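Colleague: Okay, sequence plus prediction incoming.
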Amino acid sequence: MRKLFVFAIALCSIAAFTSCKTTKESAYKAAYDQARQEELAGGQTQQSVPEEIAPVASSTKKETVKVDESYRTEKVVLSSGAEGSLKAFSVVCGSFSSKSNADNLRASLIDEGYSAIVVQNPDTGMYRVVCASFDNKAAAAEARAQFKADHPQNSDFQKAWLLYNK
C-alpha cells in the first residue's frame, strides 16, 4: 500500500511539472520562433545579393612599442648562470622564494633561446629570474618591451620589470 502511495505522488509530481508552461516561457518561445523565421527569410535575400570584397592593403609601417623606463633598485648577486652576465640593468621576468622554481623558469627560458640567469637579493632572500641584462637603461627597457611582445599570452611575463643592480 505504501509503495502504491509513493508511486502515485511521484506520478502526480511528474505530471504537474511537465504539463504546466508559464506564459513567460511561451512568450520567449514565440519571440524566438519569430526571430528565427525572420532570420531565415532575411538570409535568403542576403545570399542572392553578391558582396564585393575589398582588397586588404598591407602596411609597411612598423608598430612602435611604448617603452616604460621605470625600474627598481636592489643589490643582487649571481646565483645561477654565466659569470659576467649580470650587468647594471636587467629584465626580471620572475621572482621566487625558492631557488628550484627560479632554476626551472631559467631552464625554460634557455630552451627558448634566452641567456637567462638567476640572481638573489640577499636582503630579502628572493631569487630573480633575469632574461636579459644591459649596461644602459634604454636597452634594457627596449628588451623588456620586446620580451612582453614575444609572450602576449603569459600574464606573468607581462609583469616583467627592470632591475638596477646597485
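Modeller: Yep, it's here.
Colleague: any weak-confidence spans in this protein?
Modeller: Where the chain drops to pLDDT under 70, the residues are 6, 8, 11-13, 15-26, 42-68.
Colleague: Break down it into its helices, ranges please.
Modeller: 2-19, 23-48, 99-111, 137-150 (DSSP state H).
Colleague: so which of those helices is the most packed in?
Modeller: The highest mean neighbour count among the helices of the chain, using mean count of other CB atoms under 10 Å, belongs to helix 137-150: a mean of 17. Backbone N, C-alpha and C define where each C-beta goes, glycine included.
Colleague: just checking, what packs against it?
Modeller: Applying 3 or more CB pairs under 8 Å, 6 or more residues apart in numbering; DSSP states H and E, one finds that helix 137-150 contacts strand 89-96, strand 127-134, strand 161-165.
Colleague: tell me the angle it makes with strand 127-134.
Modeller: Helix 137-150 runs at 120 degrees relative to strand 127-134, counting by axes from the mean of the first three to the mean of the last three CA atoms, to 10 degrees.
Colleague: Let me know which of the helices and strands packed on helix 137-150 is the nearest to residue 7.
Modeller: Evaluated over those, closeness to residue 7 peaks at strand 89-96, with 63.4 Å, by CB to CB.
Colleague: just to revisit the earlier point, just put the helices of the chain in TSV and tack on distance to residue 88.
Modeller: Below are the helices of the chain laid out as TSV (distance: least, CB to CB, whole Å):
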stretch	distance to residue 88
helix 2-19	73
helix 23-48	63
helix 99-111	20
helix 137-150	8
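Colleague: Of those, give the one that comes closest to residue 91.
Modeller: helix 137-150 (4.5 Å).
Colleague: so how far is that closest one off the chain centroid?
Modeller: The chain centre lies 19 Å from the centre of helix 137-150; the measure is CA atoms, centre = their mean, to the nearest Å.
Colleague: residues in contact with that helix?
Modeller: Outside helix 137-150, the residues within contact range by CB atoms under 8 Å, 6 or more residues apart in numbering are 65-69, 71, 89-91, 93, 131-134, 157-158, 160-162, 164.
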